[in-house]
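> Here's my sequence, what's the structure:
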Amino acid sequence: MNIRGYFFMSVEAGKLMRENGGGSIINVASINGVSPSIFQGIYSVTKALALVKNEAILNTALQQIPLKRVADPSGMAKAVLYLASDVSSYVTGVSLNVDGGFLS
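Numbers count the residues shown, from 1 in each chain. Model prediction:
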């Protein structure tokens, strides 16, 4: 169900991009799409709120992240800004992991 939203929105965005001379499609997802975590069920239900509110779960999760911190929304936004800007105009079809080194 979740992946269908990305697909249909990308199709509609592609139509608008064709009509207006270009643009970027940037889909953002969790690292759980690449590497499911042991807390995936909780994450899916609460959208990560349980991960940062429960100190035991948070500490266990942070042990898996080399930078030892959760994502800062401004860091995520900067990655999206890069992909949406002309600076990345030759970048296509990539997965940019903004994950503090978790998947490295």
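> Now L103: closest residue in space, sequence neighbours ignored.
N97 (4.9 Å; Cβ to Cβ, 6 or more residues apart in numbering). No exception for glycine: its C-beta is placed from N, CA and C like everyone else's.
> any idea how far N20 is from R69?
In this structure, N20 and R69 are 39 Å apart, going by Cβ to Cβ, to the nearest Å.
> Kindly apply the preceding question to A50 instead.
As judged by Cβ to Cβ, A50 and R69 stand 18 Å apart.
> of those two, who's got more company?
A50 (15 against 10; other Cβ atoms under 10 Å).
> My guess is that one contacts I57. True?
Yes - counting by Cβ atoms under 8 Å, I57 is a contact partner of A50 at 6.5 Å.
> which residue packs closest to L16, ignoring adjacent ones?
With Cβ to Cβ, 6+ apart as the criterion, L16 has its nearest non-adjacent residue at 7.2 Å, and that residue is G23.
> For the biggest helix by length in the chain, report the contacting residues that lie outside it.
When the chain is parsed with DSSP state H, its longest helix is helix 2-20. Residues outside helix 2-20 that contact it (Cβ atoms under 8 Å, 6 or more residues apart in numbering) are G23, I25, N27, A29.
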